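S.K.: Pasting a predicted model and its sequence here:
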Amino acid sequence: MENEIMRPLSTLRWVDRERLKANNYNPNKVSADNLKLLTQSILANGWTLPIVVRPDYTIIDGFHRWTVAGREPLKSKLGGKVPVVIVEHKNHEADIYGTITHNRARGVHLLEPMKAIVKELIDAGKSVGEIGKELGMKPEEIFRLSGFTREQFLELMTKGVTGYSRASIVKNVR
C-alpha cells in the first residue's frame, strides 16, 4: 500500500559513492569547519539521512554528505558506499525545487534557544572544549552564547588548569 509520499523510502539502498554526481544548481555552500562537523556527526550518530538522487544518480539533496563520504575516515568506514533514496520528478524544474526546499526546510538556529542549550551544557559541567568540539563552535561563539562576563568565561576556560610557569626574561647569549 505505497503512496507517493512513501515511495522514496521504498527505494533506500546503499550504492557505490562513485555512481553519484553533483547537480549544477545547488546554491548551498558549507564551510570547511561545518564539513568537519558533518563528518563528526556521522561518526557519532551513524548515517541518519540518505542522499536524495534522481534515477540517473544526480544528487538532489545530500551533496555535502556525499562529499565527506569520499574522505577519510568515512570513506574506509563506509566501504565506498552511501545510502540513497531515488526521487523521480516530472521535470528538471521539480529537481531544482527539491534541492532548494530540502535546504531551506532545515531552518536556522535561533539565538535564545542556542543560549539556553549552551547554558544547560555548561551547567552540566561540560567544558568549553567539549562543547566546541561537539557543536562545532569556537570558544568566542560559546562565550557570546553563554551570557557570562569576560572574567567568568576566562575562569571557566581555565578551570582545572593547575599552576603556571614563572615568567622569565630570555637573553640572547652571543
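M.R.: Perfect, I can see it now.
S.K.: Grab the nearest non-local neighbour of the residue nearest the centre of the chain.
M.R.: Nearest to the geometric centre of the chain sits residue 38, at 2.9 Å (Cα atoms, centre = their mean). Among residues not flanking residue 38 along the chain, residue 68 sits closest, at 5.4 Å (Cβ to Cβ, 6 or more residues apart in numbering). All C-beta spots, glycine's among them, are computed from the backbone N, C-alpha and C.
S.K.: I figured the one you found hits residue 34, correct?
M.R.: No. Using Cβ atoms under 8 Å, residue 68 is not in contact with residue 34, being 10.1 Å away.
S.K.: neighbour count winner among the two?
M.R.: Per other Cβ atoms under 10 Å, whichever of residue 68 and residue 34 has more neighbours is residue 68, with 23 against 13.
S.K.: Now that one. Its backbone dihedrals?
M.R.: Residue 68 adopts backbone torsions of phi -70, psi -20, taken as degrees, to the nearest 10.
S.K.: how about it, what does it touch?
M.R.: Neighbouring residues of residue 68 by Cβ atoms under 8 Å, 6 or more residues apart in numbering: 35, 38, 39, 42, 74.
S.K.: Ok, residue 106 next?
M.R.: Not one residue lies near residue 106 by Cβ under 8 Å, 6+ apart.
S.K.: ok, now with 10 Å
M.R.: 28, 61 (Cβ atoms under 10 Å, 6 or more residues apart in numbering).
S.K.: Need the contact partners of the strand with the most length in the chain.
M.R.: When the chain is parsed with DSSP state E, its longest strand is strand 81-86. Contacts with strand 81-86, where a contact means Cβ under 10 Å, 6+ apart, come from 7-20, 47-57, 59-62, 65-66, 68-70, 74-75.
S.K.: what's the distance between that strand and the middle of its chain?
M.R.: Strand 81-86 sits 18 Å away from the centroid of its parent chain (Cα atoms, centre = their mean, to the nearest Å).
S.K.: Check stretch 4-15 too.
M.R.: The chain centre lies 23 Å from the centre of stretch 4-15; the measure is Cα atoms, centre = their mean.
S.K.: tell me the mean pLDDT for that stretch?
M.R.: Across stretch 4-15, the average pLDDT comes to 90.
S.K.: Can I get it as PDB, trimmed to CA atoms?
M.R.: Provided in PDB are the C-alpha atoms of stretch 4-15 (Å, rounded to 0.1, in the frame of the first residue of the first chain):
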ATOM      1  CA  GLU A   4       3.700   8.900  -3.500                       C
ATOM      2  CA  ILE A   5       4.900  10.300  -0.100                       C
ATOM      3  CA  MET A   6       6.200   6.900   1.000                       C
ATOM      4  CA  ARG A   7       7.700   5.800  -2.400                       C
ATOM      5  CA  PRO A   8      11.200   7.300  -1.900                       C
ATOM      6  CA  LEU A   9      12.000   5.400   1.300                       C
ATOM      7  CA  SER A  10      11.000   2.200  -0.500                       C
ATOM      8  CA  THR A  11      14.000   2.800  -2.800                       C
ATOM      9  CA  LEU A  12      16.500   3.100   0.000                       C
ATOM     10  CA  ARG A  13      19.700   1.300  -0.800                       C
ATOM     11  CA  TRP A  14      23.500   1.500  -0.300                       C
ATOM     12  CA  VAL A  15      25.300   2.200  -3.600                       C
END
